[in-house]
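> The following comprises the amino acid sequence and a computationally predicted model.
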Amino acid sequence: MTWHFGRWSAFDLETTGVDVENDRIVTGAVIARGGGIEDEAGEWLADPGVEIPAEATEVHKITTEHARAKGDPARDVVREITAELAGQVLLAGSAIVGHNVSYDLTLLDRECRRYELPTLHDRLDGTPLHVIDTRVLDQHADQFRKRPSEQQGARQLVTLAQVYGVPWDDEAAHGCSFDALAAAQIARRIAEIAHTRWRDLPERIQAIRRPRFYAFRGLSLAELHAAQIDWAAEQAAGLEKHFRKTDPNAVVDRTWPLRPWVEPSTEGAPA
């Protein structure tokens, strides 16, 4: 069965920042559809236990005061999100879909470790996790896209929505459920393009310079996942090369979809 059939679980987190090792979950969504099974949706609001920086609030609109008053304990939220994702994979064979989802999966992993909870991989106990990342797919398919404007990046979710004709609502954007569903819709559009004859595609897609959508055609979910590991590494290497024009020591992690956990060093710690 090709990768665009079957059940998908759209996943997104809104957080206190962009540091996967230290930032915390504020909201999360898991929205599962397809596969001949009833649709399911869950959304969580956490009290992260730390101040939510103003910069993060500006993005997702959740203040520290609101999270403290309305949010559930962070440990409970982390446990429930992880259990929901694991359940969708184990019971329904679902793929996890998101935009730049390696960020969300890695931050969730670190939150599990912070609260000494089983990680998603612990819960799966060897069952393969298959991931569909719209950022990786889009960059592979349309590698030469430029920024639409100084304020809007070439790989932002809103940009992909515009390219693939997915409805966008500026007010709802950066709500975890809206972003999760937008990523799933974009993934569906990418799959449709990959499995459509070239002459039948919209002009905006035909206008893309040296497109590579057909690299996704006919792949199984496992094959697509394996290919994304390679494509993500290539993309990270390209970004590292770009950064090294101004910082010779810049390093961009090449792992996907989960950045490796490094045990904190105890060297020099008191006995």
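That came in fine, so what should we check first?

> Every contact and neighbour count from this point should use C-alpha atoms.
OK.

> now the helices for this protein?
54-60, 64-70, 74-92, 101-114, 120-124, 134-141, 157-164, 176-194, 203-206, 221-243 (DSSP state H).

> Make JSON lines from these and add distance to Gly28 and mean neighbour count to it.
Output for the helices of the chain, formatted as JSON lines (distance: least, Cα to Cα, whole Å; neighbours: other Cα atoms under 10 Å):
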{"stretch": "helix 54-60", "distance to Gly28": "11", "mean neighbour count": "15"}
{"stretch": "helix 64-70", "distance to Gly28": "13", "mean neighbour count": "15"}
{"stretch": "helix 74-92", "distance to Gly28": "7", "mean neighbour count": "19"}
{"stretch": "helix 101-114", "distance to Gly28": "9", "mean neighbour count": "22"}
{"stretch": "helix 120-124", "distance to Gly28": "15", "mean neighbour count": "16"}
{"stretch": "helix 134-141", "distance to Gly28": "18", "mean neighbour count": "22"}
{"stretch": "helix 157-164", "distance to Gly28": "17", "mean neighbour count": "18"}
{"stretch": "helix 176-194", "distance to Gly28": "6", "mean neighbour count": "22"}
{"stretch": "helix 203-206", "distance to Gly28": "32", "mean neighbour count": "12"}
{"stretch": "helix 221-243", "distance to Gly28": "23", "mean neighbour count": "17"}
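
> okay if I get those helices as a markdown table plus distance to Ala29 and mean pLDDT?
Below are the helices of the chain laid out as a markdown table (distance: least, Cα to Cα, whole Å; pLDDT from 0 to 100):
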| stretch | distance to Ala29 | mean pLDDT |
| --- | --- | --- |
| helix 54-60 | 13 | 97 |
| helix 64-70 | 16 | 98 |
| helix 74-92 | 8 | 98 |
| helix 101-114 | 11 | 98 |
| helix 120-124 | 15 | 98 |
| helix 134-141 | 17 | 98 |
| helix 157-164 | 16 | 98 |
| helix 176-194 | 5 | 98 |
| helix 203-206 | 30 | 95 |
| helix 221-243 | 22 | 98 |
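
> any chance of those helices in CSV, with distance to Trp256 too?
Output for those, formatted as CSV (distance: least, Cα to Cα, whole Å):
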stretch, distance to Trp256
helix 54-60, 24
helix 64-70, 31
helix 74-92, 18
helix 101-114, 6
helix 120-124, 14
helix 134-141, 10
helix 157-164, 19
helix 176-194, 17
helix 203-206, 27
helix 221-243, 6
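
> Which one, of these, ends up nearest to Arg147?
With Cα to Cα as the measure, helix 157-164 is the member of the helices of the chain nearest Arg147 (8.6 Å).

> about what we covered before: could you work out which of the helices of the chain reaches nearest to Asp253?
Asp253 lies closest, by Cα to Cα, to one member of the helices of the chain: helix 221-243, at 6.6 Å.

> what packs against the closest one?
The contact analysis (3 or more Cα pairs under 8 Å, 6 or more residues apart in numbering; DSSP states H and E) places helix 221-243 against strand 131-133, helix 134-141.

> Let me have these in CSV, extended by distance to Glu150.
Listed next are those as CSV, based on distance: least, Cα to Cα, whole Å:
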stretch, distance to Glu150
strand 131-133, 24
helix 134-141, 19
